[in-house]
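Engineer: Provided below are the primary sequence and the corresponding predicted coordinates.
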Amino acid sequence: MALDVADLYRRYGDMVLGRCRSLLRNEADAQETCQEVFLKVHRYQSSFRGDASPTTWLYRVTTTTCLNKIRSKKRRPEDPHEEPPAIELNDSMLEGHEVRDLVDRVLQLTDEKTQACVVHHYVDGMTHKEVGAIVGLSAAAVRKRIGVFKKRIADNPPSWLPEL
């Protein structure tokens, strides 16, 4: 099925950028990643089989690209000699950053598909069936992955994980 990438960008560019902002929490990274997503869509448009809607496919590509960017940044941190400009944060913003960092660390304890299931379900508020459509699993498989993930964290919490 041939896709009109320019039309997808016009129709869904804001949705993709919003998803990038939501996951990356950095405007520059979000804009860069949004462009990467549409480059991937152009490059791999032949892989779109039409089993899902274009928005579902875009959402999947966007989430995967963002999660890969987060993992890549953890493996190759920015130059430690460059000090970022000071940003004044109020307590609620700081708490939000701490929570996001904690979530990133917890997600690193599992595989990519389970990470996507957890993010789509808990961050995006999707049902197991909706998540399954995006990641290519049944609703039962999504439920099981999330359950195993939660049990693993509950049974063997990492030493750095605070008690909740």
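Structural biologist: Arrived safely.
Engineer: for this structure, which helix is longest?
Structural biologist: Longest helix of the chain, by residue count under DSSP state H: helix 54-75.
Engineer: Which helix or strand in this protein has the lowest average pLDDT?
Structural biologist: Least confident helix or strand, the chain: helix 91-107 with a mean of 56, by mean pLDDT, DSSP states H and E.
Engineer: That one: what's the following helix or strand?
Structural biologist: helix 112-118 (DSSP states H and E).
Engineer: list the contacts for the closest residue to Leu17 other than its chain neighbours?
Structural biologist: Excluding its sequence neighbours, the residue lying closest to Leu17 (CB to CB, 6 or more residues apart in numbering) is Cys34, at 4.5 Å. Backbone N, C-alpha and C define where each C-beta goes, glycine included. By CB atoms under 8 Å, 6 or more residues apart in numbering, the residues touching Cys34 are 13, 16-17, 20, 62.
Engineer: cool, Arg10 as well?
Structural biologist: Under the criterion of CB under 8 Å, 6+ apart, Arg10 has no neighbours.
Engineer: Break the chain into its domains for me.
Structural biologist: Annotated domains of the chain cover 1-75, 91-164 [automatic domain parsing].
Engineer: Count the neighbours of the residue nearest to Arg19 when sequence neighbours are not counted for me.
Structural biologist: Leaving out its chain neighbours, the residue that sits closest to Arg19 by CB to CB, 6+ apart is Thr62, at 4.7 Å. Per other CB atoms under 10 Å, the neighbour tally for Thr62 reads 26.
Engineer: re earlier: compare the domains of the chain and say which comes out lowest on pLDDT.
Structural biologist: Of all the domains of the chain, the minimum mean pLDDT falls on domain 91-164 (a mean of 76).
Engineer: mind putting the contacts of Cys34 in TSV, distance to Ser53 and secondary structure included?
Structural biologist: What follows is those, written out as TSV (distance: CB to CB, whole Å; DSSP: H, G, I helix; E, B strand; the rest coil):
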residue	distance to Ser53	secondary structure
Gly13	16	helix
Val16	14	helix
Leu17	19	helix
Cys20	19	helix
Thr62	14	helix
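Engineer: Now the phi/psi pair for Asn26, please.
Structural biologist: phi -150, psi 120 (degrees, to the nearest 10).
Engineer: Closest to the centroid, which residue in the chain?
Structural biologist: The residue lying closest to the centre of the chain (CA atoms, centre = their mean) is Thr63, at 3.9 Å.
Engineer: Which residue is the nearest non-sequential neighbour of that one?
Structural biologist: Nearest one to Thr63, counting by CB to CB, 6+ apart, is Ala116 at 5.8 Å.
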